[in-house]
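Trainee: Can you look at this prediction? I've put the sequence above it.
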Amino acid sequence: ILNVEQSPQSLHVQEGDSTNFTCSFPSSNFYALHWYRWETAKSPEALFVMTLNGDEKKKGRISATLNTKEGYSYLYIKGSQPEDSATYLCASLTQGGSEKLVFGKGTKLTVNP
Amino acid sequence: DARVTQTPRHKVTEMGQEVTMRCQPILGHNTVFWYRQTMMQGLELLAYFRNRAPLDDSGMPKDRFSAEMPDATLATLKIQPSEPRDSAVYFCASGLRQGVQYFGPGTRLTVL
């Protein structure tokens, strides 16, 4: 995998549903994986930064896992609420000192009340 | 509540005009990024600075775009001459080395 890929591209769920989506990234020279939440008409806000294989991070109803050996991360939302509606971006940072985050195109989540 | 600020928030201009966008990073952050949001590419990195020195501007069209950091509190992105295909939202972000990036509110540019 040369680029950061996210799936699905979009997702519609009902309030109360739990959901998850995937980020695939290059596993070679991996340094860190970022997750950002991007609400419409606003700017991206950081959710998590993960660096170690097996990392799990949690913030409220949102959690993320990281597998650096196979190059994927999952983002989970438990009991989705309408305010969770946003685009969720992941971005990969490689070793070598570069600050250059490579972003996926995001998963757009819509939570219907 | 420290945050990245960007001016202007909206800019409408005519093709051929010069456009300058400004960014004030969070005080103490040593890395500043310029991104462009487009429908096709999503969020693409144009350039970034560390300690005011440009480190990577490979994502930027060199013939018309330029990015500078005259001092630690100001980053600028200039387009001269602007073209309709430059219409997009331009985000500035700042952070500490290889850490979380904090995004500004963006400048929505429309080139007619």
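Mentor: Structure's in. What do you need?
Trainee: Tell me, please, where in chain A the pLDDT is lower than the cut-off.
Mentor: A:1-2, A:97 (pLDDT under 70).
Trainee: Which elements pack onto the one helix or strand B:Pro70 maps to?
Mentor: Per DSSP states H and E, B:Pro70 falls inside strand B:65-71. On a contact count with 3 or more C-beta pairs under 8 Å, 6 or more residues apart in numbering or on different chains; DSSP states H and E, strand B:65-71 meets strand B:42-50, strand B:53-56, strand B:74-79. All C-beta atoms are positioned from the backbone trio N, CA, C, and that covers glycine.
Trainee: Could you dump those strands into a markdown table and include distance to chain A?
Mentor: Shown next, in a markdown table, are the helices and strands packed on strand B:65-71 (distance: least, C-beta to the nearest C-beta, whole Å):
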| stretch | distance to chain A |
| --- | --- |
| strand B:42-50 | 4 |
| strand B:53-56 | 6 |
| strand B:74-79 | 14 |
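Trainee: got a list of contacts for the strand holding B:Pro70?
Mentor: Applying C-beta atoms under 8 Å, 6 or more residues apart in numbering or on different chains, the contact partners of strand B:65-71 are B:32, B:34, B:46-47, B:49, B:52, B:54, B:57, B:60, B:75-80.
Trainee: Which among the helices and strands packed on strand B:65-71 is found nearest to B:Cys23?
Mentor: For the helices and strands packed on strand B:65-71, proximity to B:Cys23 was assessed by C-beta to C-beta; strand B:74-79 is nearest, at 4.3 Å.
Trainee: Paired strands for that closest one, with orientation please.
Mentor: Taking DSSP bridges as the criterion, strand B:74-79 forms sheet pairs with strand B:19-24 (antiparallel), strand B:65-71 (antiparallel).
Trainee: Keeping just the C-alphas, turn whatever helix or strand comes next after that strand into CSV.
Mentor: Next helix or strand after strand B:74-79 toward the C-terminus (DSSP H and E): strand B:88-95. Taking C-alpha atoms only, strand B:88-95 is exported to CSV below (Å, rounded to 0.1, in the frame of the first residue of the first chain):
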residue,chain,number,x,y,z
ALA,B,88,-10.5,25.9,-2.6
VAL,B,89,-10.3,26.1,1.1
TYR,B,90,-6.8,26.7,2.4
PHE,B,91,-5.9,25.5,5.9
CYS,B,92,-3.0,26.4,8.0
ALA,B,93,-2.0,24.1,10.8
SER,B,94,0.7,24.3,13.5
GLY,B,95,2.2,21.8,15.9
